[in-house]
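>>> build me a model:
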Amino acid sequence: MTNIAEARRVIEEAVARGATDFCVCAGSRNAPLLAVLGASDLRVFSFVDERSAAFFALGRAKLTGRPAVVITTSGTAVAELLPAAIEAHYSAIPLIFITADRPARYRGTGAPQAIEQEEIFGVYARGSVQHINIEFDEPLIDDEVSWERGRPARRPPPVATAAPPLPTPAFTHPLVLLGGLAPAHRDRVRNFALALNAPIYAEPLSGLREDPALAHLIITAGERMIGRGDFDGVIRIGNVPTARFWRDLDESRRDLSLVSFSALPFTGCSRGEVHPIEALPLDVTPCKRNEEFFAADRQQAAAIARVLDAEPQSELALLRELSCTIPENSRVYLGNSLPVREWDLAATRGRRGFIIEANRGANGIDGQLSTFFGQCDPSRPNVCVIGDLTAIYDSNAPWIVPQLDSAIDFEIVIINNGGGRIFSRVASLKKLDESTRERIIENSHDLRFEHWAAMWGMEYSVVANASELAGSRGLAVSKALDARPVRDAGFLPGGRSAKGAAAKDSKEPRAGREVIEIRPDHEATQRAWARYDALW
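You can find the predicted model right below:
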């Protein structure tokens, strides 16, 4: 079989698996694949950085629910895909990696751009991530390049399996801990929670944190409030939580029994079993409501609000105001652990229709902006909230912006606190000399993002006080998005839609694309955290 025929076969296989988006990183060895894609009508995004391409593909797969494809050349270009493969594996996000390789005779020889590519992803390509490694010999373009979309391969219907036995948690006063939940599961989870009548700690990714039906059960003063509840067990529902309390279940809180219900198979700690969410029993004995606990929770939440009112230049106060000024129905991406935790503590609990997204955390600060761009939705405002080090780490991510649908509206909100300040909240690290911690662990810096925004052609503004956020550009006014249709077809190679290209050529106004740099006052932030800690 010729190289071109083999490339066409592999791309058709990806299409048969449901792929429509192809993220390509050009090289000479993958030229047959790129030639076939260039002749096709498939949606193609072009990258210079394989790591960014893989995380962008992760975001696309999250947005569309279909596998996204990344195509690389040979050598260490393949290794750049590993971080996104790990994230996709633990999040069950479908990705297809097609890696071009030199012929097998070069393996183990140390020849240029010849590494061991066959099993490079190990366990991380045995589930939602599919890896296809394809060898191309010279001459690379060895046949006429053509494309004819074949009929998708027919998949056998799923085999029905017997329902697993329902677990029967024997708790009298449990805590319900809600991690990330797919929208399809939220009704069942809501009904279970209402029937159980137990206190709920709902993370932002659950989609139920602001649910009015559950407001009387949800803990509002943050995860520290969990420690004041007399719980005898934990019922975790959804993906593995990000809360510190979850880690404590393996350490200081092993006295608490644990049962998990999730669409993913991961226990998330060293004990317990995972049952499917469909096994959540709806006929349960209601728990007796602890009115004293909920009264204390509401009092603590009000006290926290007063702390933020008193320190409007603090990081928490700025994030609270940000959550109130983001347009309703926005897709909000929380880009690393500090924004996730601060949003959980301080963000509004008003019903604003946000779709909250985030990577689960295996990747730390890696690829966050690239994932956000992949998830940008042309039918609604898109807001990314990230830290300064996260933005620096993925600073080439905006490369893809000119290839996005011209209707996409986004704001990148960078909380620039001058380094990795989350480490200043880690108890074990407080034992270190402050200068050492700031210089080596927190990576303190004085960088600003105005020139970075200008480099990528994005508007820029800076905010240092909560009162300034309501008047900041981009977040104050939604751009009549309710009249904007979702565009999911008719894309040209390179990622632009035919409609988007026409709009650009006719010089119609482009959707808003802005960087908003939030600069909290360090001393105000320290005072706010000190007053917060004193409440406990």
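
>>> is it true that Ala79 touches Glu116?
No. Using CB atoms under 8 Å, Ala79 is not in contact with Glu116; the gap is 10.2 Å. C-betas here are computed from N, CA, C, even on glycine.

>>> those two - which one has more neighbours?
Remark: of Ala79 and Glu116, Ala79 carries more neighbours, 16 against 10, as counted by other CB atoms under 10 Å.

>>> state the helix or strand in which the nearest residue to Phe47 once chain neighbours are set aside lies.
Using CB to CB, 6 or more residues apart in numbering and skipping the chain neighbours, the partner closest in space to Phe47 is Ala53 (3.9 Å). Ala53 belongs to helix 50-64 when assigned by DSSP states H and E.

>>> just checking, what packs against the helix or strand that comes right after that helix?
Downstream of helix 50-64, the next assigned helix or strand under DSSP H and E is strand 68-72. When contacts are defined as 3 or more CB pairs under 8 Å, 6 or more residues apart in numbering; DSSP states H and E, strand 68-72 sits against strand 21-25, helix 31-38, helix 50-64, strand 95-101.

>>> quick one, strand 68-72 and helix 50-64 angle?
Put simply, strand 68-72 runs at 170 degrees to helix 50-64, going by axes from the mean of the first three to the mean of the last three CA atoms, to 10 degrees.

>>> follow-up on the earlier one: how about the helices and strands packed on strand 68-72, which one is nearest Cys324?
Minimum separation from Cys324 across the helices and strands packed on strand 68-72 (CB to CB) falls at helix 50-64, 25.5 Å.

>>> and the closest one, what other elements does it pack with?
strand 21-25, strand 43-47, strand 68-72, helix 82-91, strand 95-101, helix 368-375.

>>> pairing partners for the second one, with directions?
Right, the one you point to is strand 43-47. strand 21-25 (parallel) (DSSP bridges).

>>> which positions within the strand it pairs with qualify as buried?
21-25 (16 or more other CB atoms under 10 Å).

>>> could you dump that strand to CSV, C-alpha only?
Backbone C-alpha positions of strand 21-25 (Å, rounded to 0.1, in the frame of the first residue of the first chain) are rendered in CSV as follows:
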residue,chain,number,x,y,z
ASP,A,21,-11.6,18.0,14.2
PHE,A,22,-8.0,17.4,13.3
CYS,A,23,-5.2,19.3,15.0
VAL,A,24,-2.0,19.0,13.0
CYS,A,25,1.6,19.8,13.7
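
>>> pLDDT of that strand, averaged?
Averaged across strand 21-25, pLDDT comes to 97.

>>> same thing with stretch 144-159?
The pLDDT scores in stretch 144-159 average 59.

>>> coming back round to it: can you put the helices and strands packed on helix 50-64 in CSV and add distance to Val36?
As requested, the helices and strands packed on helix 50-64 are exported to CSV (distance: least, CB to CB, whole Å):
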stretch, distance to Val36
strand 21-25, 10
strand 43-47, 11
strand 68-72, 10
helix 82-91, 23
strand 95-101, 11
helix 368-375, 23
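
>>> return the most buried member of those.
strand 68-72 (a mean of 30; mean count of other CB atoms under 10 Å).

>>> any chance you could list what contacts that strand?
14, 19, 21-25, 27, 30, 33-34, 37, 50, 53-54, 57-58, 60-61, 78, 80-81, 84, 94-100, 374 (CB atoms under 8 Å, 6 or more residues apart in numbering).

>>> kindly report the same for stretch 452-471.
312-313, 317-318, 320-322, 324-325, 391, 395, 398-399, 401, 412, 448-450, 472-476, 512-521.

>>> filter those residues down to the ones in helices?
317-318, 320-322, 324-325, 391, 450 (DSSP state H).

>>> low pLDDT regions in this protein?
Scanning the chain for pLDDT under 70 picks out 149-170, 420-439, 470-511.

>>> quick one, helices of the stretch 351-500 of the chain?
368-375, 388-393, 434-436, 450-455, 466-469, 498-505 (DSSP state H, counting those that start in this stretch).

>>> send over the longest helix seen in the chain as CSV, restricted to the C-alpha atoms.
Determined from DSSP H, the single longest helix within the chain is helix 291-310. Taking Å, rounded to 0.1, in the frame of the first residue of the first chain, the C-alpha atoms of helix 291-310 are listed here in CSV:
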residue,chain,number,x,y,z
GLU,A,291,-30.5,22.9,62.1
GLU,A,292,-27.6,24.0,64.4
PHE,A,293,-25.0,23.0,61.7
PHE,A,294,-26.8,24.9,58.9
ALA,A,295,-27.3,28.0,61.1
ALA,A,296,-23.5,28.0,61.9
ASP,A,297,-22.8,27.6,58.2
ARG,A,298,-24.9,30.6,57.2
GLN,A,299,-23.3,32.7,59.9
GLN,A,300,-19.8,31.8,58.8
ALA,A,301,-20.7,32.6,55.2
ALA,A,302,-22.0,36.0,56.2
ALA,A,303,-18.8,36.6,58.2
ILE,A,304,-16.7,35.7,55.2
ALA,A,305,-18.7,38.1,53.1
ARG,A,306,-18.0,40.9,55.5
VAL,A,307,-14.2,40.1,55.4
LEU,A,308,-14.3,40.5,51.6
ASP,A,309,-16.4,43.7,51.9
ALA,A,310,-13.7,45.1,54.1
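
>>> what packs against it?
helix 315-325, helix 337-346, helix 522-534.

>>> I figured Gly364 hits Leu338, correct?
No. Using CB under 8 Å as the test, Gly364 is too far from Leu338 to be in contact (11.3 Å).

>>> between these two, who's got more neighbours?
For Gly364 versus Leu338, the count of surrounding residues by other CB under 10 Å is larger for Leu338: 24 against 15.

>>> how near is the more buried one to Glu50?
27 Å (CB to CB, to the nearest Å).

>>> who's in contact with the residue lying closest to Ser323 once chain neighbours are set aside?
Closest residue in space to Ser323, ignoring its immediate chain neighbours: Ala347 at 3.7 Å, by CB to CB, 6+ apart. Contact partners of Ala347, counting by CB under 8 Å, 6+ apart, are 204, 319-320, 323.

>>> of these, which pair is most distant in space?
Pro204 and Arg320 (13.4 Å).

>>> need the contact list for Ser128.
88-89, 91-95.

>>> right, I mislabeled it, should have said Phe97
Applying CB under 8 Å, 6+ apart to Phe97 gives the contacts 54, 69-70, 72, 78, 81, 85, 121, 125, 129-132.

>>> try Asp142
Asp142 makes contacts with 2-4, 32, as judged by CB under 8 Å, 6+ apart.

>>> list buried members of those by neighbour count.
Using 16+ other CB under 10 Å as the threshold, 3-4, 32 are the buried ones among these.

>>> now render these as a markdown table, adding distance to Ala182.
Formatted as a markdown table, the buried ones among the contacts of Asp142 follow (distance: CB to CB, whole Å):
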| residue | distance to Ala182 |
| --- | --- |
| Asn3 | 40 |
| Ile4 | 40 |
| Pro32 | 38 |
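
>>> and which of the residues you listed is nearest to Ser257?
Looking across those and measuring by CB to CB, the closest to Ser257 is Pro32, at 56.5 Å.

>>> quick check, that closest one in contact with Asp137.
No. In this structure, Pro32 is not within contact of Asp137 by CB under 8 Å, at 10.4 Å.

>>> need the overlap of contacts for those two.
In contact with both Pro32 and Asp137: Asn3, using CB under 8 Å, 6+ apart.

>>> still on that earlier bit, count the neighbours of the residue nearest to Phe47 for me.
31.

>>> try Asn416
There are 21 residues near Asn416, going by other CB under 10 Å.

>>> residues touching it, list them.
387-388, 447-449, 517-519.

>>> mind running it again at 7 Å?
Contacts for Asn416 were tallied using CB atoms under 7 Å, 6 or more residues apart in numbering; they are 388, 449, 517-519.

>>> top of those residues by neighbour count?
Highest neighbour count within the contacts of Asn416: Ile518, with 25 neighbours (other CB under 10 Å).

>>> was I right to think it contacts Leu318?
Yes. Under the criterion of CB atoms under 7 Å, Ile518 makes contact with Leu318 at 5.3 Å.

>>> re the thing from before, would you mark the buried spots in the longest helix of the chain?
Using 16+ other CB under 10 Å as the test for burial, helix 291-310 gives 293-294, 297, 300-301, 304, 307-308.
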